[in-house]
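J.: Everything below, folded, please.
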Amino acid sequence: MTRNEIEEKVRDFLIEDLEVEEDKIAGGAHLKNDIGIDSLDFVDIVVIVEKNFGFKIKPEEMAGVETLDQFCDYIEKKVNAPQA
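T.: I've put the predicted structure just below:
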């Protein structure tokens, strides 16, 4: 899956499922401060990511993820990782 495909899916679910205003979605946007993602939204994101990308988010792997770009980096790394 390409980076653009990942960014498009993330953008779509932020707008459609979490009702984030489109103008708040930018690569460097801070997930909590700029986009407004809270702990309840994160629960939804876990389910959405599993449905759309086929893997479960591990909270410990998300520890350093603060921006939308970092979140897409995380998804890209997981989706394109070699299968064991």
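J.: Run through the protein and note the low-pLDDT ranges.
T.: Along the chain, segments meeting pLDDT under 70 span 83-84.
J.: Tell me which residue is most central in it.
T.: Relative to the mean C-alpha position of the chain, the nearest C-alpha, by Cα atoms, centre = their mean, is the one of residue 71, at 4.8 Å.
J.: Give me the phi and psi angles of the nearest residue to it once chain neighbours are set aside.
T.: Leaving out its chain neighbours, the residue that sits closest to residue 71 by Cβ to Cβ, 6 or more residues apart in numbering is residue 65, at 5.4 Å. No exception for glycine: its C-beta is placed from N, CA and C like everyone else's. With angles defined as degrees, to the nearest 10, residue 65 sits at phi -90, psi 110.
J.: What count of nearby residues applies to residue 65?
T.: Neighbour count of residue 65, defined by other Cβ atoms under 10 Å: 16.
J.: What is the three-state secondary structure of the residue nearest to the centre of the chain?
T.: helix (DSSP: H, G, I helix; E, B strand; the rest coil).
J.: if I pick it, what's in contact with it?
T.: Contact analysis of residue 71 by Cβ atoms under 8 Å, 6 or more residues apart in numbering lists 10, 31, 65.
J.: Distance check, it against residue 30.
T.: 11 Å (Cβ to Cβ, to the nearest Å).
J.: Now do the contacts for the nearest residue to residue 54 once chain neighbours are set aside.
T.: Distance criterion Cβ to Cβ, 6+ apart; nearest residue to residue 54, sequence neighbours excluded, is residue 79 at 7.5 Å. Contact analysis of residue 79 by Cβ under 8 Å, 6+ apart lists 1, 6, 53, 54, 55.
J.: Distance of residue 79 relative to residue 47?
T.: Taken as Cβ to Cβ, the span from residue 79 to residue 47 is 16 Å.
J.: With residue 7 instead?
T.: Residue 7 is 20 Å from residue 47, by Cβ to Cβ.
J.: out of those two, which sits in the more crowded spot?
T.: residue 7 (18 against 12).
J.: Please enumerate the helices of the chain.
T.: Taking DSSP state H as the test, the helices found in the chain are 3-16, 39-53, 68-79.
J.: for the second one, which positions count as buried?
T.: Read it as helix 39-53. Using 16 or more other Cβ atoms under 10 Å as the test for burial, helix 39-53 gives 41, 45, 48, 49, 52, 53.
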